[in-house]
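>>> please find the sequence and the predicted model below.
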Amino acid sequence: MIGNNQESVPKHLRKATAEFWQSVVRDYELQEHHVKILTAACESLDRATEARLAVDKQGAFFTNRHGEIKPHPGLAVERDSRALFSRLVRELSLDSELPTEAYSRAPKIVGRYK
């Protein structure tokens, strides 16, 4: 089990995402595979943020060489990355306070919810 800040924050995560990662590791007792899922969730959140910044900078639409108006590719990246983040957080049951079933695979909450 990993918990209470025994795991190092992945260095490639954005500052806000790294803080989220650290708070989850602090508040939950995670197994190694949970940490991998959490890291993947945070990476997808960072990818969504990166795509959002590109769309904000370049605009939501562009005109291609044929004169057709097309959506910015970052819109799909943002959408897909946010959906993946949501699924991974749900997989970890981070959106609920306590698992309600004895056979739940969710990580054990430690600290403030004992």
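Now that the structure is in, tell me what you want to look at.
>>> switch to C-alpha atoms for all contacts and neighbour counts from now on
Will do.
>>> once you drop chain neighbours, what's closest to Ala48?
Glu78 (4.2 Å; C-alpha to C-alpha, 6 or more residues apart in numbering).
>>> which SSE is the one you found in?
Element membership for Glu78, per DSSP states H and E: helix 73-92.
>>> swap in Val35?
In this assignment (DSSP H and E), Val35 forms part of helix 32-58.
>>> pLDDT (mean, whole number) over that helix?
Averaged across helix 32-58, the pLDDT comes to 97.
>>> could you list the buried residues of that helix?
Judged by neighbour count using 16 or more other C-alpha atoms under 10 Å, the buried positions of helix 32-58 are 34-35, 37-52, 54-55.
>>> what of stretch 84-91?
For stretch 84-91, the neighbour count (16+ other C-alpha under 10 Å) marks 84-86, 88-89, 91 as buried.
>>> show me what contacts the spatially closest residue to Asn64 that is not a sequence neighbour?
Nearest residue to Asn64 in three dimensions, chain neighbours excluded: Lys70, at 6.9 Å (C-alpha to C-alpha, 6+ apart). The contact partners of Lys70, by C-alpha atoms under 8 Å, 6 or more residues apart in numbering, come to 61-64.
>>> what's the closest non-adjacent residue to Thr63?
Excluding its sequence neighbours, the residue lying closest to Thr63 (C-alpha to C-alpha, 6+ apart) is Ile69, at 4.5 Å.
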